[in-house]
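Colleague: Sharing a model that was predicted from the sequence below.
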Amino acid sequence: MYNWGIIGPGSIANRMADALDRVKGAYKYAVASRTLDRAVAFKKKHGFEKAYGSYEELYNDKDVDIVYIATPHNAHFKCALDAMNHGKNVLIEKPMTVNANEARELIECAKRNNVFCMEALWIRFLPLNDKINKALDKIGDVISVTADFSVCVDVNDMSCRLSNPDTAGGALLDLGVYPLNLADMYIDAAPENISSVAYMSPAGVDMNDVISLGYKGGKTAMLRTSLLFESLRDVHIDGTKGRIRIPNFIWFGRAEYYKDYDVTEVLEAFYDNGFQYEVKHVMDCLDKGMKDSDVMPLYKTLRITETMDKLRNDWNLKYPFE
C-alpha cells in the first residue's frame, strides 16, 4: 500500500481523490492547502486521514509515500522541488513546469534524492492506447499528426487562471500541451523545425495558436490550441498505408481505423475518471524500484517543454515571475 498526499485541493485534485478510490493499494492519506479550513473540507469530502494547513507539514510527514501536486502551473516547480528534497516521490500535474530550466532542475533533484518523478499526462496511460498502438502497425509509417484542443473562456477575466499571466496562463501550457504530447506519442521524436502563429490576449497570454512541427524524414504535425472557441478535439494519425482518427481525444474512449476512405475497424476502451491508470502506473513503477516512468519518461517531458519554450520565445511571451 502507498500513502498518497495531495498538495492543492482544487478542482483537479477532486478528480484525483476519486481516482485513488479506484486503485487497489492507493490510500488517501493526507491533503495540504495554504489554509487549514480548505484542507479539512477536502479531507472530510473525500475521506482522507489527515489535513494540513501548510505544504511543509505534509512534506515532513514521514508516512507520505507519494505527493500529487495539483497547484496552479506557476507553483509546480517549487512544490515538487520541496517535496523531493524531503525524500518524497512526486506526480506533478501537467505541465510539469513552466519552462525547461525548471524541468531540468527537477530532473536533477529527483536523481539527487533518488525519488520517483513524473508528469501527470494522464492520456498516455488510458486503455485505448494499447489498441491504437497495435493498429499503428496497420497504417504503416506515421507521416502526419493533426490535433487540436481549444476551449472558450473570457480572456479578460483575471480570476480565470487560463487568462492570467501571473498563473502562467494562456492556451499553450494548459491545453496545447495535449496536442504536443499526442504528436510525441505517435511520431516519438524531437521536432527539427518549429513554426507557429499566435495571437496574444490584452493581458499578454497566448489566446489563439497554430503550431507546425517538422521532423526527420519529412514527418509533420499540425496542432491548434485556443481560448477563443470550443473545438471538436479530434486527432488524425496519417500513415503510408492507412489512418486512425480519435474523435474528441480528451475522452479517449474510441478510435477509428481507416483503410483508404472507409472505416474498417472501430477501437473502443471506455473508462470512468481516467486518472486511475496513471496512479496505478506510478505505484507499479515504485514496486519495480523504478525512478522514471517508461510511459511518460522525464526526457519526453523535457523535450516537449523545450518545444513550448521555443514557441513562447518566438511569441515574446514571458511570465512576470520568470
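Modeller: Nice, I can see it. Numbering: from 1, shown residues only.

Colleague: these two touch, right, residue 42 and residue 28?
Modeller: No. Using Cβ atoms under 8 Å, residue 42 is not in contact with residue 28, being 10.2 Å away. (Glycine included, C-beta is placed from N, CA and C.)

Colleague: what residues are up against residue 161?
Modeller: For residue 161, the contact set (Cβ atoms under 8 Å, 6 or more residues apart in numbering) comprises 72-73, 167, 169, 174.

Colleague: In strands only, show me these.
Modeller: Members of these lying in strands (criterion: DSSP state E): none.

Colleague: how about the helices in this protein?
Modeller: Assigned by DSSP state H, the chain shows helices spanning 11-20, 36-46, 55-60, 73-85, 100-113, 128-136, 171, 177-187, 276-287, 298-315.

Colleague: Tell me which of those is the most buried.
Modeller: Stretch with highest mean neighbour count among the helices of the chain: helix 171 (a mean of 27; mean count of other Cβ atoms under 10 Å).

Colleague: Can you spell out which helices and strands pack onto that one?
Modeller: Under the contact criterion of 3 or more Cβ pairs under 8 Å, 6 or more residues apart in numbering; DSSP states H and E, helix 171 touches strand 206-214.

Colleague: Pull out the buried residues from the strand it packs on.
Modeller: 206-209, 211, 213 (16 or more other Cβ atoms under 10 Å).

Colleague: That one pairs with which strands, parallel or anti?
Modeller: Here strand 206-214 has these sheet partners by DSSP bridges: strand 193-200 (antiparallel), strand 220-226 (antiparallel).

Colleague: how does the chain divide into domains?
Modeller: For the chain, automatic domain parsing gives the domain ranges 2-123+275-292, 127-270.

Colleague: Show the average pLDDT along the last one.
Modeller: Averaged across domain 127-270, pLDDT comes to 96.

Colleague: First residue to last residue on that domain, what's the distance there?
Modeller: 8 Å (Cα to Cα, to the nearest Å).

Colleague: Report the distance from that domain to the chain centre.
Modeller: 13 Å (Cα atoms, centre = their mean, to the nearest Å).

Colleague: Which strand residues bridge the closest residue to residue 246 other than its chain neighbours?
Modeller: Counting by Cβ to Cβ, 6 or more residues apart in numbering, residue 246 lies nearest to residue 235, which is 4.1 Å off, once chain neighbours are set aside. Beta-bridge partners recorded for residue 235 (DSSP bridges): residue 147, residue 246.

Colleague: Next up, the contacts around residue 235.
Modeller: If you count contacts by Cβ under 8 Å, 6+ apart, residue 235 has them with 145-147, 179, 182, 245-246, 249.

Colleague: Turn the residues you listed into TSV, including distance to residue 133.
Modeller: Shown next, in TSV, are these (distance: Cβ to Cβ, whole Å):
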residue	distance to residue 133
145	14
146	19
147	17
179	18
182	13
245	16
246	13
249	15
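
Colleague: Greatest separation within these: which pair is it?
Modeller: Among the contacts of residue 235, the pair separated by the greatest distance (Cβ to Cβ) is 179 and 245, at 14.6 Å.

Colleague: how about the nearest residue to residue 304, chain neighbours excluded?
Modeller: residue 180 (5.1 Å).

Colleague: separation between residue 33 and residue 13?
Modeller: Here the criterion is Cβ to Cβ, to the nearest Å. By it, residue 33 lies 9 Å from residue 13.

Colleague: Give me the common contacts of those two.
Modeller: Here residue 33 and residue 13 have residue 42 as joint contacts, going by Cβ under 8 Å, 6+ apart.

Colleague: wait, residue 168 sits on residue 320?
Modeller: No. Between residue 168 and residue 320 there is no contact under Cβ under 8 Å: 9.6 Å.
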